[in-house]
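Colleague: structure for this input, please:
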Amino acid sequence: MSEKNREGKRTAREKLAVEREKQKSADKRRRALIVGGAVVAVLGLAAVIGVVAANAGKDDGSEASGPVVAPSGAQGKDSLAIPVGRDSAKSTLTVWEDFRCPACKSFETVYGPAIQELTNAGELKVEYHLVTLIDGNMRGTGSRNAANAAACAQDAGKFRAYHDVLFDNQPPEVDDAFADNAKLIQLAGKVDGLDTPAFRTCVEKGTHNGWVAKSHQAFNKGGFSGTPTVLFDGKNIYQDQTMTPAKLKQMVQEANKG
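Modeller: Numbering: from 1, shown residues only. Have a look, this model is predicted:
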């Protein structure tokens with residue numbers, strides 16, 4: 001092989017080696033950009049989650065909550081629980097709900113009949129705590145206004161019936177229809193004897209708004225992750241994927257034997 005040919009091949013190999021090094025450098029930069037972009041995306045998602053968490057449960061501040069006026073018959077710490085069922089019942093179910101929450105409606109649709117059967121039979125007492133989580137997440141005052149109206153219904157001894165009416169007529173989560181007091185009063189017409197001047201005044205004045213705000217504060221302090229939170233014997237049974245109305249009834253009956 002001539003010296004010229006050898007020199008040509010050596011030059012070609014050197015050029016190829018240079019190109020390979022350039023390609024490696026380019027690949028390294030591209031990988032760095034991809035990883036960096038992924039980190040930014042993760043941090044961005046974390047920031048969004050942080051904003052949602054920070055806003056959870058905050059109302060829009062358009063109206064002051066006012067004094068804390070507990071509804072008639074409220075029980076528990078700071079009188080924040082609305083009881084349904086007999087005080088003599090051996091078992092207690094603690095339920096945290098938001099009237100704008102679709103998952104709460106699903107819970108009531110599936111478990112409501114079993115819970116009512118157990119409370120009517122004197123086997124179970126339910127303590128309802130009202131929350132305004134969706135107002136904070138979606139903005140608005142529908143959760144608060146509906147909770148206040150439900151507390152007004154408690155004053156009239158009609159909580160459970162009105163509670164069921166609100167969930168049966170729940171608007172889409174993004175629709176703040178329950179912010180309209182006229183709507184809440186209209187729905188009261190579905191409960192015999194509830195639509196009275198006293199109930200209307202209670203709803204329109206937001207008599208229990210301060211109590212509702214305090215209830216939501218207790219929810220936040222409890223460290224609960226969302227609504228509904230359904231506690232039986234200290235455990236959130238709503239998170240149990242094997243839970244059914246029949247299993248709940250069995251749990252209550254077995255607990256009552258002890």
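
Colleague: any idea how far Asp98 is from the residue positioned nearest the centre of the chain?
Modeller: For the chain, Thr227 is the residue whose C-alpha lies nearest the centre (C-alpha atoms, centre = their mean; 3.3 Å). Applying C-beta to C-beta, to the nearest Å, the value for Thr227 to Asp98 is 5 Å. No exception for glycine: its C-beta is placed from N, CA and C like everyone else's.

Colleague: overlap in contacts, those two.
Modeller: 104, 131, 133 (C-beta atoms under 8 Å, 6 or more residues apart in numbering).

Colleague: which residues touch the first one?
Modeller: The one in question is Cys104. Applying C-beta under 8 Å, 6+ apart, the residues contacting Cys104 are 97-98, 167, 227-228.

Colleague: how about Phe219?
Modeller: Counting by C-beta under 8 Å, 6+ apart, Phe219 touches 57, 96, 129, 131, 133, 229.

Colleague: isn't the fifth one right up against Ser143?
Modeller: Yes - at 6.8 Å, Leu133 and Ser143 qualify as touching, with contact defined as C-beta atoms under 8 Å.

Colleague: OK, contacts around the residue nearest to Val212 when sequence neighbours are not counted?
Modeller: Leaving aside its sequence neighbours, Val212 sits nearest to Ala147 (C-beta to C-beta, 6 or more residues apart in numbering; 4.4 Å). Counting by C-beta under 8 Å, 6+ apart, Ala147 touches 98-99, 130-132, 208, 212, 215.

Colleague: among these, name the ones in strands.
Modeller: Leu130 (DSSP state E).

Colleague: pipe the contacts of Ala147 into CSV and attach pLDDT and distance to Ala70 per row.
Modeller: Output for these, formatted as CSV (pLDDT from 0 to 100; distance: C-beta to C-beta, whole Å):
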residue, pLDDT, distance to Ala70
Asp98, 98, 19
Phe99, 98, 18
Leu130, 98, 12
Val131, 98, 16
Thr132, 98, 16
His208, 98, 8
Val212, 98, 10
Ser215, 98, 10
